[in-house]
Every structure is written in structure tokens, then in C-alpha cells.
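J.: Got a predicted structure plus its sequence, pasted below:
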Amino acid sequence: MPGSPRNRLTWGSLLLALIAGLGMVASAAPAQASAPISTELRPDQAPAEARVAVIVTSLSKLSLDEGVFHAIFYLGITCIEECQAEDWDLVNANEYTSELTAVEGPTKWWRVSGTFVFQPNLRLFPFDTQTLPIIIEHEDLGMEELIFIPDQQTSEVSSLIGVPGWLIEPFSLTTSEHFLVGFGETYSSLTFGLPVARSTVASITKYYIPLLIFIILGVATLFLGRNDIQLRTAGTALVGLTIFYLFTSGGVGAVGYLTVWDVSVIVGYIALGLVLLSGIIGAYYFHEHRFEGPAGEALNKRLRFGFLTGIAIFLVVSAIIIATVAVTT
């Protein structure tokens with residue numbers, strides 16, 4: 001009967017079971033909703049790294065006029081982890097050829113021969129030092145994917161290399177960031193820089209000793225009493241200096257600034273110009289009969305040695321300034 005205790009117990013058990021089932025369902029729903037679902041972005045992976053070594057075996061055809069040089073070298077790239085470093089490029093090369101010559105574990109070696117462009121700095125000519133660069137970048141991968149690391153210990157310059165008229169100095173191997181506006185990408189750029197310098201002794205012998213001879217030739221005439229000799233000798237020295245300057249400056253090419261050699265020749269021009277001015281003034285006084293007698297001879301002597309003193313002071317001060325600029329720049 002519905003009102004019997006047994007029926008009430010049965011309905012009560014069913015009700016308790018229903019409540020317990022609903023509680024299990026309710027408790028299971030939050031558990032599923034709170035499952036570990038990550039909404040954060042994965043952090044960027046670190047870029048791959050590749051060690052780069054450069055071994056130069058030949059250097060030739062250095063031209064300051066064109067701003068180019070030819071080099072043969074071995075390029076070694078070691079992937080510290082998996083990378084695509086073999087797709088490198090030489091960004092300052094006019095043209096080059098490369099050949100894979102060896103694979104030693106993770107290191108690959110290419111033999112490269114090419115003509116490279118550089119920007120000559122001739123402000124200190126003939127005491128200038130030129131840095132010949134070889135710039136390496138990846139064709140496609142930016143710094144977020146690949147970074148070049150200099151391998152200083154493996155890199156070297158062959159001791160058999162010699163460039164006529166130049167002394168080879170210790171090389172540098174550096175990296176930098178190169179942003180390309182057109183691609184909106186920053187690339188890892190590795191630069192192998194090889195400085196070459198002119199011999200100081202050779203520059204003094206070739207340039208400054210002849211310049212000094214021209215100046216001495218003209219200034220020495222101030223010790224003479226005849227003004228016509230001053231004019232002829234100083235004029236001849238001035239013409240000779242002009243020809244010598246045109247000959248020696250031919251290897252520099254057209255530049256938009258004065259070099260140390262240009263300034264030195266200008267000093268020579270001024271010195272010889274003062275000698276000519278002394279001769280012109282003396283010739284004027286001679287024809288005006290102001291050099292007659294002891295008083296005239298004394299005036300002529302004061303004029304010549306006054307110019308000589310002024311020229312000597314001018315040359316010394318100019319030499320100090322030029323030497324200071326050449327050494328400190």
C-alpha cells in the first residue's frame with residue numbers, strides 16, 4: 001500500500017539515490033570546466049647559433065680609385081645546433097664563387113673567391129690605413145632565427161700574403177645587427193676586417209723628402225743678394241712641385257676632402273710663394289734705387305732674412321700640426 005512503511009522507505013531510497021546522482025553530475029561538470037587549458041602563447045624559441053671562421057689565403061688587386069679588392073679565403077660555419085647556415089651570402093661582394101670543400105662533423109668549409117667593395121678613407125694619405133671588409137649575412141633567416149658568432153681562434157690570415165706598398169695589420173672579426181627597411185627584418189651581420197697600412201718610412205721617403213728638397217731649393221735663395229736669382233729659382237721649384245704633386249696624387253683619385261698630403265703640398269706652395277714675394281719686393285726696391293749704398297744693402301738683407309725667419313716659423317708650426325693630426329687621427 002502506498003501509505004505503508006515499506007513503500008515510504010522505498011520512495012525515500014529512490015529520492016536519496018536521485019539526489020546523490022544529481023550531486024555527482026554537478027560535481028563532475030566543474031571538474032571538466034577547470035581542466036588545464038592554457039590560453040598563454042608559447043614563448044619564442046631561442047635563435048640558432050652558428051660559429052663563423054674566416055681563413056684568408058690570398059689578397060690582391062687593391063684599388064683605391066674603384067674601392068675594390070680581390071680575396072680568396074676559406075669560410076667555415078659550425079652549427080651549434082640544427083640550423084640552415086649554409087645559405088649564407090657575402091653582402092659587399094661584387095661577384096664571388098664558392099665551393100664546398102670539406103665537412104668535419106658539424107663544421108662545413110667553403111673555398112670562396114671574389115671581388116669585394118670597400119669605402120677608402122684617404123684623409124691621412126700618405127699615412128692612411130685601409131680596412132678591407134668581408135661581410136657575411138644569411139640570405140633569409142633574421143636574428144630571431146639565426147645568430148652568427150665570431151670564431152676568433154680558428155680564423156687567421158696566411159703569413160704568405162703580401163700586398164705591394166702595404167703592411168698587413170691584425171684582423172678583426174665582429175658581429176652587428178643589420179636592419180633592412182625594405183624587408184622589415186634585422187639580420188645578424190658578421191664582418192671580417194683586414195687593416196692594411198702604408199709604410200711610414202716609405203711614405204716619408206717617397207713623398208716628403210722630395211717636397212723638402214723643393215722647399216729648401218727655393219728658400220735657400222734668400223741667402224743670396226740677387227733678387228733675380230730668387231725669382232728664377234723659386235719659380236722653377238714651384239713648377240717642379242706642381243708636377244710632382246700631380247704625379248703623386250694620381251693614385252688617390254678624386255675625393256671630396258683634403259688629405260694630409262694635400263695640406264703638406266699647400267704648405268710647400270705657401271713657402272715658395274713667400275720666396276717669390278720676397279724676390280718681387282726686392283726687385284721693386286732695386287729698380288727704385290732703394291738698395292744703393294750701405295743703407296740699401298742693409299734694407300735688402302733685413303728683407304730677405306725677415307722672410308727667411310717667417311718661412312722657417314711657418315714650416316715648423318705646419319709640420320707640428322700635420323704630424324699631430326697624422327698621429328692622433
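T.: Noted; the coordinates are in hand. Numbering: from 1, shown residues only.
J.: Hmm, residue 145 is touching residue 46, no?
T.: No - using CB atoms under 8 Å, residue 145 makes no contact with residue 46, being 10.0 Å away. (Glycine included, C-beta is placed from N, CA and C.)
J.: These two - which one has more neighbours?
T.: Taking neighbours as other CB atoms under 10 Å, residue 145 and residue 46 compare with residue 145 leading, 17 against 9.
J.: Okay, the residue nearest to the more buried one when sequence neighbours are not counted and residue 84: tell me how far apart.
T.: Ranked by CB to CB, 6 or more residues apart in numbering and with sequence neighbours excluded, the top spatial neighbour of residue 145 is residue 47, at 5.4 Å. Distance from residue 47 to residue 84, counting by CB to CB, to the nearest Å: 12 Å.
J.: And for residue 274?
T.: Distance from residue 274 to residue 84, by CB to CB: 68 Å.
J.: Between those two, point out the one with more neighbours.
T.: A count of neighbours by other CB under 10 Å puts residue 274 above the other of residue 274 and residue 84, at 19 against 15.
J.: list the buried ones in the strand or helix carrying that one?
T.: Under the criterion of DSSP states H and E, residue 274 resides in helix 260-287. Within helix 260-287, the residues that count as buried by 16 or more other CB atoms under 10 Å are 260-265, 267-269, 271-272, 274-276, 278-279, 282-283, 285-286.
J.: same question, stretch 303-320
T.: 303-304, 307-308, 311, 315, 318.
J.: what does stretch 144-153 give?
T.: 145-148, 150-151.
J.: got the CA positions of that stretch in PDB?
T.: Extracted in PDB, the C-alpha atoms of stretch 144-153 (Å, rounded to 0.1, in the frame of the first residue of the first chain):
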ATOM      1  CA  GLU A 144      65.100  35.700 -34.400                       C
ATOM      2  CA  GLU A 145      66.100  32.500 -36.100                       C
ATOM      3  CA  LEU A 146      69.900  32.600 -36.600                       C
ATOM      4  CA  ILE A 147      72.800  34.400 -35.000                       C
ATOM      5  CA  PHE A 148      76.400  34.400 -36.200                       C
ATOM      6  CA  ILE A 149      79.200  34.100 -33.600                       C
ATOM      7  CA  PRO A 150      82.800  35.000 -34.400                       C
ATOM      8  CA  ASP A 151      85.300  32.100 -34.200                       C
ATOM      9  CA  GLN A 152      88.400  34.100 -33.400                       C
ATOM     10  CA  GLN A 153      90.600  31.100 -32.600                       C
END
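J.: which residues of the stretch 201-329 of the chain fall in helices?
T.: 209-219, 227-248, 260-287, 293-328 (DSSP state H, counting those that start in this stretch).
J.: wait, residue 282 sits on residue 228?
T.: No - the pair residue 282 / residue 228 is not scored as a contact, 9.0 Å apart, by CB under 8 Å.
J.: pLDDT on stretch 141-150, on average?
T.: Average pLDDT, stretch 141-150: 90.
J.: What's the end-to-end length of it?
T.: Using CA to CA, to the nearest Å, the end-to-end distance of stretch 141-150 comes out at 17 Å.
J.: what angle separates the helix holding residue 274 from helix 293-328?
T.: When axes from the mean of the first three to the mean of the last three CA atoms, to 10 degrees is applied, the directions of helix 260-287 and helix 293-328 differ by 170 degrees.
J.: So which elements touch helix 260-287?
T.: For helix 260-287, the elements it packs on are helix 209-219, helix 227-248, helix 293-328, judged by 3 or more CB pairs under 8 Å, 6 or more residues apart in numbering; DSSP states H and E.
J.: Mean confidence (pLDDT) on it, please.
T.: 89.
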